[in-house]
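> Build me a model:
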Amino acid sequence: MKKLPAIAACILLLASSATAFADASGMASFFPAAPAGPTAAAKPAPLENLSIKRAAAKSAAGEGVLACSSDPAGADVFLDGVSLGEAPLRKEHIKAGTYRIVLMERGYENSTEEITIKKDVTLTIDEKLAPARGSITVQSQPRGASVYLDGVESGVTPVTLSQVSGGSHRIALTKEYFEPDEIRETLQAGGSGAVRVRLKRRLLFLTVGALNIPPSAAQETKAAIGGLEGIRLIPASIGKLQDILRSRELDPSSIEFLKSGKRRLSLEDSAVLSSLLEQERAELALSVSESRAGGVNIVSLSLYSARSYIPDMFDIPCKNEGDLAAGLKKFIGQWEAQDKPSSGKPSEAEAAPEDGGYLFNLALTRIPEKGHPGCGEFITLGNAFSRTGDYTDALKAYGKAVSPARSGICRGTALYRMAGVYEKMGRWTDAASSYRELCILYPDATLVSSAGPKAAPLAKARLKDLFKLGILKERWWRNGDDKQGQAK
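This is a model prediction of the structure:
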């Protein structure tokens with residue numbers, strides 16, 4: 001009988017533990033549980049805790065009703081992460097309190113809202129779901145075109161337009177010196193789309209020099225050039241050009257240089273050419289003329305660029321029928337070869353400064369537009385600047401080719417070309433330093449291509465020439481800084 005108090009204490013302890021386990025089960029429920037039976041008296045809680053519990057019990061007391069519908073119908077309804085079913089629905093006996101309700105339907109944006117269920121009140125929710133938004137990736141050749149989505153400027157290519165609603169959209173692209181383009185893209189709600197556009201370069205076609213060409217030859221030339229992919233041909237007559245010059249208060253007779261086939265433009269000629277191209281929003285101009293040499297008709301294509309004062313001349317001897325077509329085909333082949341987008345792989349080849357001017361205008365107008373110019377392309381660009389006397393930009397282009405990211409052979413080639421520019425500028429020490437660096441670090445570098453002449457022997461020979469002329473006071477071609485490297 002003396003052990004009964006101990007047994008009673010154990011029973012009370014087990015009962016209180018069972019109650020605690022039930023309270024800590026963590027099972028989510030929006031509906032009230034059955035009233036609990038009487039429990040044994042527990043240790044009195046502090047007054048502060050009792051106050052909090054009473055306030056919580058008072059706020060959570062009672063039940064309410066939730067009625068939910070959606071547009072479109074059939075959206076899945078979740079209350080604090082627990083599915084209630086598809087709308088429309090009606091749920092009763094929900095505990096009063098605050099909840100997070102989410103409506104989800106394929107093809108539409110999720111609707112999320114915080115709601116409060118009150119005692120004996122029916123909360124009605126009628127939600128109109130917004131169509132889901134997707135994205136459109138826009139790419140262009142060349143890169144850097146301004147993109148307008150439904151008339152609103154939205155970035156520069158390449159660009160991904162996000163938060164685009166489903167349906168049909170108008171996408172316009174513009175870039176200086178290129179023909180604007182506009183397309184329509186239909187996007188599924190919440191989907192993604194991709195747009196690739198090749199903008200057409202505006203080419204001013206000058207007929208001022210084609211007066212003596214038979215009409216068939218003139219038309220054949222125009223048709224061949226106009227058929228080039230990526231070209232928007234802008235015909236211009238001599239009268240139109242003279243009107244442009246008059247509108248700019250320039251002498252109309254200054255257009256004569258286009259007829260003469262000059263191999264080099266003066267500053268005045270360049271100013272006139274720039275005015276013509278600016279007026280027509282074109283970057284290049286092409287004129288056609290005819291001459292005779294040795295009893296043979298020669299059709300000459302002259303390509304002008306506002307960035308260069310050396311026009312490109314492409315002569316087509318026409319001895320027999322079909323010669324003009326064959327010559328135009330060759331011209332177009334060269335154009336298209338240079339107009340292809342870069343593959344992104346560095347190229348070892350370059351266009352030497354001794355090549356024709358046609359290639360250099362193409363280098364000036366196309367290389368900066370490529371996404372990943374190769375080493376050889378930067379050297380070509382430097383050669384073009386060097387030939388036109390723009391030595392500062394030439395050094396910048398060569399400097400990009402000398403970047404540590406390039407291959408050794410290519411960097412050696414760029415150093416050789418760079419040294420030549422330094423010589424033209426009279427910067428003899430810089431020239432000698434570039435030649436010497438080439439000889440020591442890149443002895444296998446070649447010019448023009450990997451099969452071309454080695455640059456190091458040429459650089460060493462040039463250093464010796466400069467030393468003999470007294471321009472250099474040090475034997476720069478020697479390795480090291482020994483006393484023999486000093487002039488005696």
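> Asn297: neighbour count?
Other residues near Asn297 number 18, with proximity taken as other CB atoms under 10 Å. Where C-beta positions appear, they are placed from N, C-alpha and C, glycine not excepted.
> can you check Thr388 too?
Look at Thr388: counted by other CB under 10 Å, it has 19 neighbours.
> That one contacts Ile310, correct?
Yes - with contacts counted by CB atoms under 8 Å, Thr388 reaches Ile310, the gap being 6.1 Å.
> Apart from its neighbours in sequence, what residue is nearest Asp393?
Computed as CB to CB, 6 or more residues apart in numbering, the closest residue to Asp393 that is not its neighbour in sequence is Phe385, at 4.3 Å.
> Quickly note the distance from the one you found to Ala397.
Plainly put, Phe385 is 6 Å away from Ala397 if you go by CB to CB, to the nearest Å.
> Name the spans of the stretch 151-300 of the chain whose pLDDT lies under the cut-off.
207-216, 259-268 (pLDDT under 70).
> how about 50 then?
Applying pLDDT under 50 to the stretch 151-300 of the chain flags the ranges 210-211.
> which residues in it form helices?
Along the stretch 151-300 of the chain, counting by DSSP state H, counting those that start in this stretch, helices occupy 215-226, 238-247, 257-260, 267-279.
> buried ones in the second one?
Yep, that's helix 238-247 we're talking about. Applying a neighbour-count criterion of 16 or more other CB atoms under 10 Å, the buried positions in helix 238-247 are Ile238, Leu241, Gln242, Ile244, Leu245.
> With respect to Lys319, which of those is nearest?
Ile238 (29.1 Å; CB to CB).
> Quick check: that closest one touching Glu256?
No - with contact defined as CB under 8 Å, Ile238 and Glu256 do not form a contacting pair (9.9 Å).
> Report the contact partners of Lys329.
Ala224 (CB atoms under 8 Å, 6 or more residues apart in numbering).
> Now it: which helix or strand?
Secondary structure assignment for Lys329, by DSSP states H and E: helix 323-339.
> Give the rounded mean pLDDT of the strand or helix carrying Leu438.
Per DSSP H and E: Leu438 is located in helix 428-441. Model confidence over helix 428-441, given as mean pLDDT, is 92.
> Around Arg427, count how many other residues there are.
16.
> gap between it and Tyr391?
For Arg427, the distance to Tyr391 equals 9 Å [CB to CB].
> Can you tell me how far the residue most central in space within the chain is from Val138?
Nearest residue to the geometric centre of the chain (CA atoms, centre = their mean): Pro158, 3.4 Å. With distances taken as CB to CB, Pro158 is found 7 Å from Val138.
> which ones are touching Leu458?
Leu458 sits next to Tyr416, Leu447 when contact means CB under 8 Å, 6+ apart.
> Quick check: it is in a helix.
Yes - the assignment for Leu458 (DSSP: H, G, I helix; E, B strand; the rest coil) places it in a helix.
> how close does it sit to Gly239?
If you measure Leu458 against Gly239 using CB to CB, the figure is 52 Å.
> Likewise for Thr112?
Applying CB to CB, the value for Thr112 to Gly239 is 68 Å.
> Kindly report the same for Glu113.
Using CB to CB, Glu113 is found at 70 Å from Gly239.
> Please apply the same query to Gln334.
31 Å.
> again with Val296
Computed as CB to CB, the Val296 to Gly239 distance reads 31 Å.
> go on, Phe467?
60 Å.
> picking up where we left off before, between Phe385 and Ala397, who's got more neighbours?
When Phe385 and Ala397 are compared for neighbours, Ala397 comes out ahead with 27 against 24, by other CB under 10 Å.
> which residues does the residue lying closest to the more buried one once chain neighbours are set aside contact?
Among residues not flanking Ala397 along the chain, Gly382 sits closest, at 3.6 Å (CB to CB, 6+ apart). Going by CB under 8 Å, 6+ apart, Gly382 touches Ala394, Leu395, Lys396, Ala397, Tyr398, Ala401, Ala414, Arg417, Met418, Val421.
> Now distance to Trp476 too, for those residues, in TSV please.
Formatted as TSV, the contacts of Gly382 follow (distance: CB to CB, whole Å):
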residue	distance to Trp476
Ala394	22
Leu395	19
Lys396	24
Ala397	24
Tyr398	19
Ala401	22
Ala414	18
Arg417	18
Met418	15
Val421	17
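> Report the buried members of the residues you listed.
In those, burial by neighbour count holds for Ala394, Leu395, Ala397, Tyr398, Ala401, Ala414, Arg417, Met418, Val421, counting by 16+ other CB under 10 Å.
> domains of the chain?
60-128, 133-198, 205-339, 357-485 (automatic domain parsing).
> List the contacts of the helix holding Leu438.
Contacts for helix 428-441 (CB under 8 Å, 6+ apart): 408, 411-412, 415-416, 418-420, 422-423, 445, 455-456, 459-460, 462-463, 466, 471-472, 474, 476-477, 479.
> Recalculate using a threshold of 6 Å.
Helix 428-441 is contacted by residues 412, 415-416, 418-419, 422-423, 455-456, 459-460, 463, 471-472, 476 when judged by CB atoms under 6 Å, 6 or more residues apart in numbering.
> Now the two most distant members of the residues you listed.
Using CB to CB, the contacts of helix 428-441 reach their maximum pairwise distance at Gly412 and Ile471, which is 22.7 Å.
> Could you check which of the two is surrounded by more residues?
Between Gly412 and Ile471, counted using other CB under 10 Å, Gly412 has the larger neighbour count: 26 against 14.
> Surely the more buried one touches Ala445?
Yes - Gly412 is within contact range of Ala445, at 2.4 Å (criterion: CB atoms under 6 Å).
> about what we covered before: distance to Pro180 for the helices of the stretch 151-300 of the chain - can I get that in TSV?
TSV is the format used below for the helices of the stretch 151-300 of the chain (distance: least, CB to CB, whole Å):
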stretch	distance to Pro180
helix 215-226	18
helix 238-247	21
helix 257-260	27
helix 267-279	17
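> Select, out of those helices, the one closest to Gln163.
Between Gln163 and those, the shortest gap by CB to CB is with helix 267-279, which sits at 37.8 Å.
> elements contacting that closest one?
Contacts defined by 3 or more CB pairs under 6 Å, 6 or more residues apart in numbering; DSSP states H and E place helix 267-279 against helix 238-247.
> Tell me which other helices or strands the helix it packs on touches.
Short answer (3+ CB pairs under 6 Å, 6+ apart): helix 238-247 packs on helix 267-279.
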